[in-house]
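Colleague: I would like to see how this sequence folds:
(2 chains)
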Protein chains: 2
Amino acid sequence: MNVAIIGLGLIGGSLLRALAAHGHQVTGYDIGLATRQAATALAGAAPSEVASAEAASAEAALAEAAPAGRPAWHVAGSIPAAVEGADVVVLAVPLPVLPDVLAELDGFPGVITDVTSVKGPVRDLLKGRRYVGGHPMAGKEESSFLASDPHLFDRCAWVLCLDPETSMDDWLSLAALYTSIGARVVPAGADEHDEAVARISHVPHLLAAALANLIDGHPLAAALAAGSFRDGTRVAATRAELIAAMCGGNAAAVRRVLPGVLEDLGAYAGRLAEPEPVAELTPLLRRPGELRRGWPVAECVPVEIEPERDALLSLGRAGGWVERVGAKVAGMRPETDRNRS
Amino acid sequence: MNVAIIGLGLIGGSLLRALAAHGHQVTGYDIGLATRQAATALAGAAPSEVASAEAASAEAALAEAAPAGRPAWHVAGSIPAAVEGADVVVLAVPLPVLPDVLAELDGFPGVITDVTSVKGPVRDLLKGRRYVGGHPMAGKEESSFLASDPHLFDRCAWVLCLDPETSMDDWLSLAALYTSIGARVVPAGADEHDEAVARISHVPHLLAAALANLIDGHPLAAALAAGSFRDGTRVAATRAELIAAMCGGNAAAVRRVLPGVLEDLGAYAGRLAEPEPVAELTPLLRRPGELRRGWPVAECVPVEIEPERDALLSLGRAGGWVERVGAKVAGMRPETDRNRS
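Modeller: Below you'll find the model as predicted:
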């Protein structure tokens, strides 16, 4: 498949290198001249020209992907040049930049996909286009090409949105493409995706922030803090702008999920006000303990399903994923007993 | 100093070994015969008799502490036998067992201290006794003697409570004892301690539980969960009974701290409901980011203070600790600029 990638940061750069390493024809573009130059140099570099330690690790992949004398990928000088002749364009740029890039894709006949961490708003932005939303659960979009890694997506969950308006053929093409580089393709509706990432990423960032605030003005507490504080607040160290962009970009879903957390915390506070707080609180803590000890799910079983919308969405909703696309779709899913325990 | 330790689990056992390794005369007692036997064997064991891998690591310490032919410590067959002639008795038993042990200490003339994770309730229990509350911020009390480690308290924050009724002389004796084994002794009032641990340990456990609940019935979310969920929920895997005992034993302080968390989360939800959620949310996330990036405090400066109550409590409230007790008290405290930034 002929793939164009717009934006060669950590995700776009890693995808460029991973696709090339697996024999795909791929062209990249980045708005930054230095990034284009780095990507160009790496594509055809002799080992002695490889500048960074990260880049050096790509050599083995390059050796496989590029027959002698031919660069492993192309780097274009403009978006139109990058997408010319492409079957798929992957938009690996930050959400606020998407509209500008899209304006340069008018008339592009192929499939458009993206890698941003929120899917409902992007779906709305691309209404009427030939679009399949995507989100690899790996790394951070901000990091640079120099941090790119052709193995970033090995066993990585890559959500591909399967909404009523999504073309089944386009979805299957992309699923085949991403599974070919070792990703686990997770079928989900855009809204389902957004609620799921609110649960497991955006709301956790807000809880970490609220927890970090507990040492504000309390140096004694900060001095006594150890493991539970360290882990509970780790992601609060992320730049404020980035957390706000993630949560604000997915505001509706985050606002749907937060009340459940507030309700649980309120219930704990209520039990602690009872005459026997230990006995009252214990039962409320059993279920979260089971959930955490059972995560991540250890036991998965192989499944083979029809390449159909409902079957694929059911697989994603059960916590499963696609491993290979053929006449049938081969996937894995958690064992039902454990999943529903 | 002649020290008796009642309860030879992880904390008591480690303290027994650490004190012996630093030349103190120490006698231990545990209600469990097997534990007493293990402690007895280790005290005088030739290398070939050491049963467990953990125990083997104590040999070097033993070699220093015990002149040939004399055991490194004694193990008594009863509480009265253990405390006979002791200057200090350390109660290293779970909170619910404390009253029973105390009943056997009637008439004990020395200092009583403990290692439980809540200090207000124990202070109330020991009203009228010669008592200094203590809490080493290390490990878990439940674990067994086999997990004990003579280096467990190296650089560990060990809170020693300095309340109005606490004898200054007794406090300084214990501070000298614990700093002699390498702990950082943190002066604090019992209520201050309880609020601090609510902030940095008990409330974090409740937030982790509420977060773990977010994957309940959501296998898709569980399948996408990665680093922020993993770290934010880690301590939710702790046994429900243990979390409930910690939080319930410190219920009043936990209930004082929780509303601040609920308020912050409510404020985040409010900002996310605004027309420009990203711009609205960003400022609220700056402070927690600063706090987390500034923790733990990297820059501390040595201080020398009078061995007086107010000076010691000020040191603890500033996030500082005692390193050595002499005519003056030598300590460390965070640099004020960073501390108050």
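
Colleague: alpha carbons only: can I get stretch A:241-256 in PDB?
Modeller: Extracted in PDB, the C-alpha atoms of stretch A:241-256 (Å, rounded to 0.1, in the frame of the first residue of the first chain):
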ATOM      1  CA  GLU A 241      -1.300  22.800  28.500                       C
ATOM      2  CA  LEU A 242      -1.100  19.200  27.400                       C
ATOM      3  CA  ILE A 243      -3.400  17.800  30.100                       C
ATOM      4  CA  ALA A 244      -5.900  20.600  29.400                       C
ATOM      5  CA  ALA A 245      -5.700  19.900  25.700                       C
ATOM      6  CA  MET A 246      -6.500  16.200  26.200                       C
ATOM      7  CA  CYS A 247      -9.300  16.700  28.700                       C
ATOM      8  CA  GLY A 248     -10.700  19.800  27.100                       C
ATOM      9  CA  GLY A 249     -10.600  18.200  23.600                       C
ATOM     10  CA  ASN A 250     -12.700  15.400  25.100                       C
ATOM     11  CA  ALA A 251     -14.700  17.500  27.600                       C
ATOM     12  CA  ALA A 252     -18.100  15.900  27.100                       C
ATOM     13  CA  ALA A 253     -16.800  12.400  27.800                       C
ATOM     14  CA  VAL A 254     -14.700  13.500  30.700                       C
ATOM     15  CA  ARG A 255     -17.700  15.300  32.200                       C
ATOM     16  CA  ARG A 256     -19.800  12.100  31.800                       C
END
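
Colleague: mind listing what's buried along it?
Modeller: Buried residues in stretch A:241-256, counted by 16 or more other Cβ atoms under 10 Å in any protein chain shown: A:241-255. To be clear about C-beta, it is placed using only N, CA and C from the backbone, and glycine gets the same treatment.

Colleague: average pLDDT for that stretch?
Modeller: Across stretch A:241-256, pLDDT averages out at 95.

Colleague: try stretch A:202-217
Modeller: If you average the pLDDT values across stretch A:202-217, you get 98.

Colleague: buried set for it?
Modeller: A:202-215.

Colleague: mind giving me JSON lines with those residues and columns for distance to chain B?
Modeller: Below are the buried residues of stretch A:202-217 laid out as JSON lines (distance: Cβ to the nearest Cβ, whole Å):
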{"residue": "A:H202", "distance to chain B": "9"}
{"residue": "A:V203", "distance to chain B": "7"}
{"residue": "A:P204", "distance to chain B": "4"}
{"residue": "A:H205", "distance to chain B": "6"}
{"residue": "A:L206", "distance to chain B": "5"}
{"residue": "A:L207", "distance to chain B": "5"}
{"residue": "A:A208", "distance to chain B": "6"}
{"residue": "A:A209", "distance to chain B": "4"}
{"residue": "A:A210", "distance to chain B": "4"}
{"residue": "A:L211", "distance to chain B": "6"}
{"residue": "A:A212", "distance to chain B": "4"}
{"residue": "A:N213", "distance to chain B": "5"}
{"residue": "A:L214", "distance to chain B": "4"}
{"residue": "A:I215", "distance to chain B": "6"}
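
Colleague: redo the residues you listed as TSV? Include secondary structure and distance to A:A86.
Modeller: Shown next, in TSV, are the buried residues of stretch A:202-217 (DSSP: H, G, I helix; E, B strand; the rest coil; distance: Cβ to Cβ, whole Å):
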residue	secondary structure	distance to A:A86
A:H202	helix	32
A:V203	helix	37
A:P204	helix	36
A:H205	helix	35
A:L206	helix	39
A:L207	helix	41
A:A208	helix	40
A:A209	helix	41
A:A210	helix	45
A:L211	helix	45
A:A212	helix	44
A:N213	helix	47
A:L214	helix	50
A:I215	helix	51
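
Colleague: just the buried residues of stretch A:241-256: which are in strands?
Modeller: Judged by DSSP state E, these include no members of strands.

Colleague: what residues does the stretch 51-200 of chain A have near chain B?
Modeller: Applying Cβ under 8 Å from any Cβ of the partner chain, we find that the stretch 51-200 of chain A lies next to chain B at A:137, A:157, A:159, A:186, A:188, A:192-193, A:195-197, A:199-200.

Colleague: what does stretch A:148-156 contact?
Modeller: With contacts defined as Cβ atoms under 8 Å, 6 or more residues apart in numbering or on different chains, stretch A:148-156 is touched by A:8-18, A:20-21, A:54, A:57-58, A:61, A:136-139, A:178, A:181-184.

Colleague: run the chain-centre distance for that stretch.
Modeller: Distance, stretch centre to chain centre, for stretch A:148-156: 11 Å (Cα atoms, centre = their mean, to the nearest Å).

Colleague: swap in stretch A:156-171?
Modeller: Relative to the centre of its chain, stretch A:156-171 is centred 14 Å away, using Cα atoms, centre = their mean.
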